[in-house]
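Engineer: this one's sequence-less:
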DNA sequence: CCGTCGTCGATTGTCAACAATCGACGACGT
DNA sequence: ACGTCGTCGATTGTTGACAATCGACGACGG
């Protein structure tokens, strides 16, 4: 169906060299020909299903039926099950043997975990990058911040979620730290899930047009300690905001440990 | 002939697979009755295959053939492929469509990444736990340190690897931070892979009988800043040691980008 | 009226066969 | 002798059918 999907997801550690424009690896000059995107059903199903879940098209906590999904995707259950297994390991699906597969349910306890670990890792990322912030990095950060502001001005909430994640992701990518990128992919998925649910429930996540101005200024500045404090407060605000939203929908109490 | 129930195949290397995972976390009051261990082939294959890889029974970089593995495990390729997909997402296998599935190859670049992120996360874990270190935590840490020393004295290198990982894992478990535990599982796998390769190549990883004495003393003490410094130096030493080993076996240069 | 148990539909788990693709070997032409 | 191309074996990708298990509904007996 939907071909040519921009594969923005950096999968496991050791895939390819991201942001660095290098490609100066020894050997034959890469003649500019893009690799021809091996089309295997499994990978496309995984991408498509992940987008549907993280984008909020499938309610958190709802059950996925293999036969129905397989027919919907137009494939057999084999590749579908492998895609499901992949998403389970990514942490956005859960399965109970012989019973069912469910989209993970979001809880306030998870929010604290996600934001606390995110504060730690984002600080770590800035420490790694701090003395290597070149013009390319600064330009990229500025560009993504502009894109974020543009989507907010346009009122496109769904795009603003992706833009904000892209903005924060810039630092992780700049580190060139593949394992860190792998962890960030997991964090990003959770955040996207929370925010999408928030958006679906309230319509808006909040104004926050200038929510990243200080963040950007300090990220481009020279005071690492101030940047640490900004990350700290930024995460604290984010966690409070997300938890407030989740507390408001206490329809279903803690159903999972 | 359709009766595959009777097959009592040797479930791969070692039957101690369900050892380390279960009883650590504080679950609901287990009323004495152990859960009946849903036996699904997929999960057992995944555990068994992971143990074989991380334990060093399968050479890093070698290819896994589905048909051969399936026959060896006595199951069909379906469950096997799902287990493989799971291990791929865990980061210890790689696959090239229509070509092959390979155990990840270890490289010196990865070691720097693993130890740098591990230093950061282990510090984070101690910060989280520091003011909540009760008698149970101290006892558990002491107990695991004793176990580690015992395995070293016994000359059981394979067990000492697991004991050291268990010792360090105590802090992560004490945080009760599920996402942090998830990340630690990935780190632990990599470390186990490195150390197993080291052991297979050199026979020993080094003396280090007192390598964790200072670590334990500070972890039980009252100076968090000193603990931070100890983690820092501990990781630095570990990274240097592992990298030195990997540099020594430069038989096969970078075979992949 | 209530508790217990058997039955049934739904869903996941597993299997064996078939198709698509890749890498290498060897024949062929120049 | 060398490069090129077709063929073949090996391996993974995909499929549809069959078996095992779970949860719920309803019959039955108290």
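Structural biologist: Nice, I can see it. Computed from a prediction, not measured in an experiment: that's the story for all the values here. Numbers count the residues shown, from 1 in each chain, chains lettered A, B, ... in the order given.
Engineer: what about residue A:156, how many neighbours?
Structural biologist: Neighbourhood size, residue A:156 [other CB atoms under 10 Å in any protein chain shown]: 13. The way it works is simple: take the backbone N, C-alpha and C, and place the C-beta from them, glycine included.
Engineer: how about residue A:64?
Structural biologist: 18.
Engineer: what pLDDT does the residue of chain A found nearest DNA strand D get?
Structural biologist: Closest residue of chain A to DNA strand D, CB to the nearest atom of the strand: residue A:78 (2.1 Å). What the model reports for residue A:78 is a pLDDT of 97.
Engineer: hmm, it is touching residue B:76, no?
Structural biologist: No: Residue A:78 is beyond contact range of residue B:76, at 11.1 Å (criterion: CB atoms under 8 Å).
Engineer: let me know the average pLDDT across stretch A:127-137.
Structural biologist: Averaging pLDDT along stretch A:127-137 gives 97.
Engineer: hmm, I was thinking of stretch A:165-185
Structural biologist: Taken as a whole, stretch A:165-185 carries a mean pLDDT of 97.
Engineer: measure it end to end?
Structural biologist: The first and last residues of stretch A:165-185 sit 10 Å apart, counting by CA to CA, to the nearest Å.
Engineer: what does stretch A:63-78 give?
Structural biologist: Using CA to CA, one end of stretch A:63-78 lies 18 Å from the other.
Engineer: how about stretch A:195-211?
Structural biologist: 15 Å.
Engineer: before we move on, back to that, so what's the residue count around the residue of chain A closest to DNA strand D?
Structural biologist: For residue A:78, using other CB under 10 Å, the count is 16.
Engineer: spatially nearest residue to the residue of the stretch 1-150 of chain A found nearest DNA strand C (excluding sequence neighbours)?
Structural biologist: As assessed by CB to the nearest atom of the strand, DNA strand C sits closest to residue A:66 within the stretch 1-150 of chain A, at 3.6 Å. Leaving aside its sequence neighbours, residue A:66 sits nearest to residue A:77 (CB to CB, 6 or more residues apart in numbering or on different chains; 5.2 Å).
Engineer: quick one: contacts for the residue most central in space within chain A?
Structural biologist: Geometric centre of chain A, nearest residue: residue A:188, 2.6 Å, by CA atoms, centre = their mean. Residues in contact with residue A:188 (CB atoms under 8 Å, 6 or more residues apart in numbering or on different chains) are A:165, A:169.
Engineer: the one 10 residues further on now?
Structural biologist: By CB under 8 Å, 6+ apart, the contact list for residue A:198 reads A:205, A:242, A:245.
Engineer: tell me the helix or strand right after the one helix or strand it maps to.
Structural biologist: According to DSSP states H and E, residue A:198 maps onto helix A:178-202. Remark: after helix A:178-202, the chain's next helix or strand is helix A:213-220, criterion DSSP H and E.
Engineer: and that next one, how far from the chain's centre?
Structural biologist: Remark: helix A:213-220 is offset 21 Å from the chain centroid, using CA atoms, centre = their mean, to the nearest Å.
Engineer: what's the answer for stretch A:152-162, then?
Structural biologist: 15 Å.
Engineer: same check on stretch A:217-224?
Structural biologist: Using CA atoms, centre = their mean, the offset of stretch A:217-224 from its chain centre is 24 Å.
Engineer: okay, how far is it across that stretch, tip to tip?
Structural biologist: End residues of stretch A:217-224 are separated by 12 Å (CA to CA).
Engineer: mind listing what residue A:75 touches?
Structural biologist: Contacts for residue A:75 (CB under 8 Å, 6+ apart) come out as A:41, A:45.
Engineer: quick one: pLDDT of the residue of the stretch 1-150 of chain A closest to DNA strand C?
Structural biologist: Note on residue A:66: pLDDT of 97.
Engineer: tally of neighbours for it?
Structural biologist: For residue A:66, using other CB under 10 Å, the count is 15.
Engineer: hang on, the earlier thing: buried stuff in the helix holding residue A:198?
Structural biologist: For helix A:178-202, a neighbour-count test (16 or more other CB atoms under 10 Å in any protein chain shown) marks A:178-199 as buried.
Engineer: filter those by proximity to DNA strand C?
Structural biologist: Near DNA strand C, judged by CB under 7 Å from any atom of the strand, there are no entries from the buried residues of helix A:178-202.
Engineer: ranges for the helices of chain A?
Structural biologist: Along chain A, the stretches classed as helices by DSSP state H are A:41-54, A:66-73, A:77-90, A:108-129, A:135-154, A:157-175, A:178-202, A:213-220, A:224-248.
Engineer: same list (those) but as JSON lines, adding distance to residue B:97.
Structural biologist: Below are the helices of chain A laid out as JSON lines (distance: least, CB to CB, whole Å):
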{"stretch": "helix A:41-54", "distance to residue B:97": "8"}
{"stretch": "helix A:66-73", "distance to residue B:97": "18"}
{"stretch": "helix A:77-90", "distance to residue B:97": "12"}
{"stretch": "helix A:108-129", "distance to residue B:97": "31"}
{"stretch": "helix A:135-154", "distance to residue B:97": "31"}
{"stretch": "helix A:157-175", "distance to residue B:97": "25"}
{"stretch": "helix A:178-202", "distance to residue B:97": "21"}
{"stretch": "helix A:213-220", "distance to residue B:97": "39"}
{"stretch": "helix A:224-248", "distance to residue B:97": "38"}
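Engineer: between those, which gets nearest to residue B:140?
Structural biologist: helix A:108-129 (21.6 Å; CB to CB).
Engineer: now do that closest one against helix A:157-175, angle only.
Structural biologist: Using axes from the mean of the first three to the mean of the last three CA atoms, to 10 degrees, the direction of helix A:108-129 lies 40 degrees away from that of helix A:157-175.
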